[in-house]
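Novice: Predicted model and sequence follow; I will ask about them next.
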Amino acid sequence: MATLTPTLASGITCTPTGTGTFGTIAGVASGSNSFTSNATAGNAITTTTNTTWTFTMGGASLPTYKTYKIYFQGNKANGGANTITVSYSLNGAAFTSTGVVATVGTQPLNLTNASTWVEGLFTMPVAADNPTSSIAFRLTITSSGSAATYLDNFQVQGLLTPVISTTGSLSALSTTYGTASFNTSFNVSGSNMSAGITVNPPTGFEVSTTAGSGFATSIVVGAAGTISSTQVFVRLASTSTAVLSPYSGSIVCLSTNAVSVNVATISSTVGTKALTLTSPAVTDKIYDRNASATITGTISGTVNSDIITLNGTGTFASVNVANNIAVTSTSTFTGASAGNYTLTQPTGLTGNITQKPLTIINLTGSNKTYDATTTASSTGSAALSGIISPDVVTIGGTPVLNFLTAGIGGPKTITVLGYSPNGTSAANYSLTQPSLSASI
């Protein structure tokens with residue numbers, strides 16, 4: 001029996017076992033059709049019986065490989081037929097052919113013609129990825145005749161597992177709504193990468209590989225191969241709202257076939273943006289026995305195309321009728337984005353409260369016989385309408401009633417003068433004289 005000497009990658013061992021005559025296994029696979037069929041005795045495994053060949057892989061570098069494939073060529077010398085079934089064992093577990101897929105040839109591989117070498121390329125399932133201690137591949141040969149079976153150009157292929165690494169930790173951030181925060185950062189690198197590393201921050205944050213520009217909600221660092229350590233800057237976005245503050249979560253670094261790596265952010269806050277009113281003013285009002293005031297003004301300083309509305313409210317220093325009464329603003333904002341702002345309340349506001357008009361009711365003009373005078377009279381008991389309870393206002397004064405002309409006719413307008421409000425709250429009211437009519 002000759003010595004079987006595999007050509008191996010650094011950190012990988014291979015222990016072949018089986019019965020028969022075999023020679024050197026060599027070569028590095030680069031594709032399913034990259035080998036030349038060779039049946040010479042010094043370069044092929046030869047058997048004439050039903051047997052199994054097992055290739056057990058080990059070594060310190062084994063866990064860094066995945067997507068295992070095995071390639072070989074088979075030939076039946078003459079007479080009869082045979083099959084070769086491929087199975088695998090992960091970390092010493094029982095051998096299984098479940099999930100093994102023949103991407104070239106068939107599973108099992110059928111050998112029936114002495115003049116033809118048959119290729120087989122078999123892909124192991126995901127379950128066989130990243131073995132911790134060993135992975136073994138078994139070829140089970142079943143022969144129906146006495147002629148030799150040849151196995152040539154056996155090759156194990158495996159992809160190095162892409163590995164994402166990060167260093168550094170992030171600091172807490174803070175900002176005011178509408179302004180991006182200062183930066184914090186970490187470093188990311190990759191080995192054996194199939195593609196670049198996508199960096200996805202959680203909601204509210206944005207990232208860039210440049211400290212002052214290029215910030216986005218997702219970036220790609222590097223490309224396939226080795227990605228050197230790259231600084232990734234992290235900040236709160238100018239569009240992050242005070243309403244949803246504080247912000248936290250993990251930045252996810254991911255890439256094809258690599259295990260994702262998370263970088264934790266520290267709880268970070270967005271404060272409200274202070275706004276002022278341009279040309280604030282108090283709307284004069286009619287006495288209503290309360291101190292509520294209405295304030296107007298133009299909102300200035302909004303960002304991010306926000307639309308908010310002023311709820312202009314305030315309090316008069318006195319409820320009584322007067323001019324230039326001091327008013328304290330208690331105004332707020334309304335609208336979908338109102339929670340992202342605070343109002344710097346205007347000061348030095350004044351407003352006027354004017355008298356509330358009262359009307360006289362329950363009077364009726366009296367008809368009279370022509371007497372060449374305009375003197376008029378009424379019937380009923382005069383009363384005031386419009387008093388706000390519990391104000392005390394009574395009707396006073398000496399009324400004077402006159403027709404507009406002394407001539408016969410009717411109904412004719414009677415002018416009324418002389419009624420006035422009396423009482424402790426009279427100053428807050430004005431009196432509208434009654435409008436009467438009668439005939440002469």
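Specialist: On my side now, so go ahead.

Novice: Please look at Val104 and Val118 and confirm they touch.
Specialist: No. The pair Val104 / Val118 is not scored as a contact, 9.4 Å apart, by Cβ atoms under 8 Å. From N, CA and C alone the C-beta is placed, and that goes for glycine too.

Novice: Please say which of those two ends up with more neighbours.
Specialist: Val118 (19 against 16; other Cβ atoms under 10 Å).

Novice: do you know how far the closest residue to the more buried one other than its chain neighbours is from Thr123?
Specialist: In space, Val118 comes closest to Gly74 once its chain neighbours are excluded; the distance is 5.2 Å by Cβ to Cβ, 6 or more residues apart in numbering. For Gly74, the distance to Thr123 (Cβ to Cβ, to the nearest Å) stands at 17 Å.

Novice: neighbour count winner among those two?
Specialist: Gly74 (27 against 17).

Novice: Please give the element, helix or strand, for the more buried one.
Specialist: Using DSSP states H and E, Gly74 sits within strand 65-76.

Novice: Please list all residues in contact with the closest residue in space to Ala326 that isn't next to it in sequence.
Specialist: Spatial nearest neighbour of Ala326, excluding adjacent residues (Cβ to Cβ, 6+ apart): Ala317 at 4.3 Å. Applying Cβ atoms under 8 Å, 6 or more residues apart in numbering to Ala317 gives the contacts Ala291, Ile325, Ala326, Val327, Thr328.

Novice: Could you pull up the residues touching the third one?
Specialist: By Cβ under 8 Å, 6+ apart, Ala326 lies in contact with Phe316, Ala317, Leu349, Thr350.

Novice: Look at it and report its pLDDT.
Specialist: Per-residue pLDDT puts Ala326 at 98.

Novice: partners of Gly58 in the sheet?
Specialist: Judged by DSSP bridges, the bridge partners of Gly58 are Thr13.

Novice: from what I can see it touches Thr13, true?
Specialist: Yes. In terms of Cβ under 8 Å, Gly58 counts as a neighbour of Thr13; the distance is 4.5 Å.

Novice: Quick check: phi and psi on Asn367?
Specialist: Note on Asn367: backbone dihedrals following degrees, to the nearest 10 are phi -70, psi 150.

Novice: neighbours around Asn304, how many?
Specialist: Asn304: 12 neighbours (other Cβ under 10 Å).

Novice: Could you check what's spatially nearest to it, not counting adjacent residues?
Specialist: Thr239 is the one closest to Asn304 (Cβ to Cβ, 6+ apart), at 5.8 Å.

Novice: Just confirm the one you found is within a helix.
Specialist: No. When classified by DSSP: H, G, I helix; E, B strand; the rest coil, Thr239 is found to be coil rather than part of a helix.

Novice: For the nearest residue to Leu62 once chain neighbours are set aside, give its distance to Ile12.
Specialist: Spatial nearest neighbour of Leu62, excluding adjacent residues (Cβ to Cβ, 6+ apart): Pro131 at 5.5 Å. The spacing between Pro131 and Ile12, counted by Cβ to Cβ, is 11 Å.

Novice: With Thr313 instead?
Specialist: Distance from Thr313 to Ile12, counting by Cβ to Cβ: 78 Å.

Novice: about what we covered before: and the contacts of Ala317, which are buried?
Specialist: Neighbour-count burial within those applies to Ala291, Ile325, Val327, Thr328; the criterion is 16 or more other Cβ atoms under 10 Å.

Novice: ok, Ala382 - how many residues close by?
Specialist: For Ala382, the count of nearby residues is 15 (other Cβ under 10 Å).

Novice: pretty sure it contacts Gly418?
Specialist: No. Using Cβ under 8 Å as the test, Ala382 is too far from Gly418 to be in contact (10.9 Å).

Novice: Find residues that contact each of these two.
Specialist: Common neighbours of Ala382 and Gly418 (Cβ under 8 Å, 6+ apart) are Pro399.

Novice: For stretch 289-299, buried residues please.
Specialist: Under the neighbour-count criterion of 16+ other Cβ under 10 Å, stretch 289-299 has Ala291, Ala293, Thr294, Ile295, Gly297, Ile299 buried.

Novice: my bad, stretch 74-91
Specialist: In stretch 74-91, counting by 16+ other Cβ under 10 Å, buried: 74-77, 82-90.

Novice: Which two of those have the greatest separation?
Specialist: Taking Cβ to Cβ as the measure, the buried residues of stretch 74-91 span a maximum distance of 33.8 Å, between Ala77 and Leu90.

Novice: No further questions, thank you.
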